[in-house]
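Student: Model the following, please.
(one chain, ligands or ions: 1)
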Amino acid sequence: MKMNIWDAFWGLEVEQCPCDVHLVEWLETEGLSGKRIYHFGTGGHHYVGLRCAEPRLDNTVLGITAAPKEYEAFIALATENPTVTKSYSAYFGDIYTSNAKLLPRFDIVTLFHSCEFRSAANDAYGALTDREVMDLFTQQTDAGGHILFYKGSFAYGAAEPIIAEWASEMPVEELPGFKTLRIFRKTA
Ligand SMILES: C[S@@+](CC[C@H](N)C(=O)[O-])C[C@H]1O[C@@H](n2cnc3c(N)ncnc32)[C@H](O)[C@@H]1O
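Tutor: Numbering: from 1, shown residues only. The predicted structure is shown next:
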């Protein structure tokens, strides 16, 4: 049995997948800085980590990628720009094997790619479901923090009912969205 890796490399295809750009625009619009962000799906561009490391935004980001080439890109950027690793770290793994004991607390969690990449290949090693990932990262988010989803995802149709069930059972309230993003605040 092998990990269900994402055998690709995602550049900054804003027209196809603007979620990371919209996240940074939302942070700028809301004036959110000093926040601890967990980011599902770094992309090979590592845009969220790099932008949040800018002094004006000054947010810390822990990003996950299941793509070996994207992780190699992170090693290259950290090697060339070690300062960025003071506030940005990316790790290679499957979000569906997340373990709360390995995770810090967060103020903002992005679950943009919910339901996109989970399959029977993940079941083979007892991986979490999408709902379990939502619950786990909700637990890792402090009260008042935000959990974000991406309406433009090709799997949004599959994610939407799971998000609805999650929102009805967890201590969260929905806020006005921002462009392609749905935004929930943890209430307790
Ligand atoms: C289409 S790319 C989008 C990247 C970036 N968020 C963007 O919009 O430009 C999907 C991302 O999800 C990551 N990914 C796919 N399956 C994953 C999994 N099981 N666990 C963690 N990350 C995963 C990929 O490594 C990749 O970074």
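Student: The one helix or strand in the chain whose mean pLDDT sits lowest near the ligand anywhere?
Tutor: Sorting the helices and strands of the chain by mean pLDDT, DSSP states H and E puts helix 120-123 at the bottom, at a mean of 96. No - under the criterion of C-beta under 6 Å from any ligand atom, the ligand is not reached by helix 120-123; the shortest gap measures 7.0 Å. All C-beta spots, glycine's among them, are computed from the backbone N, C-alpha and C.
Student: Report the next helix or strand after that helix in sequence order.
Tutor: Downstream of helix 120-123, the next assigned helix or strand under DSSP states H and E is helix 130-139.
Student: Tell me the first helix or strand C-terminal of that next one.
Tutor: Later in the chain than helix 130-139, the nearest helix or strand by DSSP H and E is strand 141-150.
Student: follow-up on the earlier one: what helices and strands are in contact with the least confident helix or strand of the chain?
Tutor: Counting contacts by 3 or more C-beta pairs under 8 Å, 6 or more residues apart in numbering; DSSP states H and E, helix 120-123 is packed against no other helix or strand.
Student: Write out the residues of the chain neighbouring the ligand.
Tutor: So the chain meets the ligand at 6, 10, 17, 19-20, 40-43, 64-67, 70, 94-96, 112-113, 117 (C-beta under 6 Å from any ligand atom).
Student: Go again with 5 Å.
Tutor: Listed as neighbours of the ligand in the chain under the rule C-beta under 5 Å from any ligand atom: 6, 10, 17, 19-20, 41-43, 64-67, 94-95, 113, 117.
Student: From those, pick the one nearest residue 163.
Tutor: Among those, residue 113 lies closest to residue 163 (C-beta to C-beta), at 12.9 Å.
Student: count of neighbours near that closest one?
Tutor: By other C-beta atoms under 10 Å, 23 other residues sit near residue 113.
Student: Apart from its neighbours in sequence, what residue is nearest it?
Tutor: Among residues not flanking residue 113 along the chain, residue 41 sits closest, at 4.6 Å (C-beta to C-beta, 6 or more residues apart in numbering).
Student: Work out for me the element residue 167 sits within.
Tutor: Assigned by DSSP H and E, residue 167 falls in helix 156-169.
Student: buried residues in the next helix or strand after that helix?
Tutor: Proceeding N to C from helix 156-169, the next assigned helix or strand is strand 172-178, under DSSP H and E. Neighbour-count burial for strand 172-178, counted by 16 or more other C-beta atoms under 10 Å, picks out 172, 178.
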